[in-house]
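>>> Here's a sequence, model it:
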Amino acid sequence: MRSWLAFLAALFLPSAVWAQVSELPPAAADDIAGAVTDCWNAVGASAVNRASLEAVGWKLLKPDDPKAKPMAKPLSVYARHARQATILIPDTATTPMCSVVARVSVPADLGNAVGTIQKTLVALDPKVKTARDGESIVFVALPKIAIADDFSSKDKPALRVAVAYQDPEKK
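Numbering: from 1, shown residues only. All right, here's what the predicted structure looks like:
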């Protein structure tokens, strides 16, 4: 499972994303977990429900938005005023996928954020199982899966969580 998700995440999170994320102020663990929950709820069998993201306050950043930096396309970038996390959706992915990227204050906050994500997802769906896969943390309640990875630069700790829908028919 991890290999296809990691591959897809790598495809749509180019270095230009880091340029934008590195400029964000650090996010609180609750804000990161909330963004992951919003992605988890939006990812469906055939697409990411962008209307559900917008219904909870996420706004699509237009290329002329002063907060938007040039990004590799096709990639939709969503921001929410009250949160420091960013949601990214590849516009051409064959697997419905939504990713959250956010900075944290110090490297120790990465673990705090992952723990908060785990608690939040388990509260949402008690069937969510958590496992370590190498350096990644994986959350699974099929058909949904999320993988959390350290997305830090040398001096700016950050987290990336990719959420996807795995069609049970396409194993």
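
>>> Contact partners for the nearest residue to residue 28 once chain neighbours are set aside?
Among residues not flanking residue 28 along the chain, residue 84 sits closest, at 7.7 Å (C-beta to C-beta, 6 or more residues apart in numbering). Just so you know, the C-beta spots here come from the backbone N, C-alpha and C atoms, and that holds for glycine as well. By C-beta atoms under 8 Å, 6 or more residues apart in numbering, the contact list for residue 84 reads 24, 25, 26, 27, 28, 31, 102, 103.

>>> Show me where this protein has its helices.
2-12, 15-21, 29-42, 50-55, 108-124 (DSSP state H).

>>> Would you mind listing where this structure has pLDDT under the threshold?
1-22, 63-73, 82, 168-171 (pLDDT under 70).

>>> please redo it, this time with the cut-off set to 80
Applying pLDDT under 80 to the chain flags residues 1-24, 62-75, 81-83, 92-94, 167-171.

>>> returning to what we had before: quick one, which of the contacts of residue 84 are buried?
24, 26, 27, 28, 31, 102, 103 (16 or more other C-beta atoms under 10 Å).

>>> would JSON lines of the residues you listed with distance to residue 47 be doable?
Output for the buried ones among the contacts of residue 84, formatted as JSON lines (distance: C-beta to C-beta, whole Å):
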{"residue": "24", "distance to residue 47": "27"}
{"residue": "26", "distance to residue 47": "31"}
{"residue": "27", "distance to residue 47": "26"}
{"residue": "28", "distance to residue 47": "29"}
{"residue": "31", "distance to residue 47": "25"}
{"residue": "102", "distance to residue 47": "23"}
{"residue": "103", "distance to residue 47": "28"}
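
>>> Need the max-distance pair from the residues you listed.
24 and 28 (12.3 Å; C-beta to C-beta).
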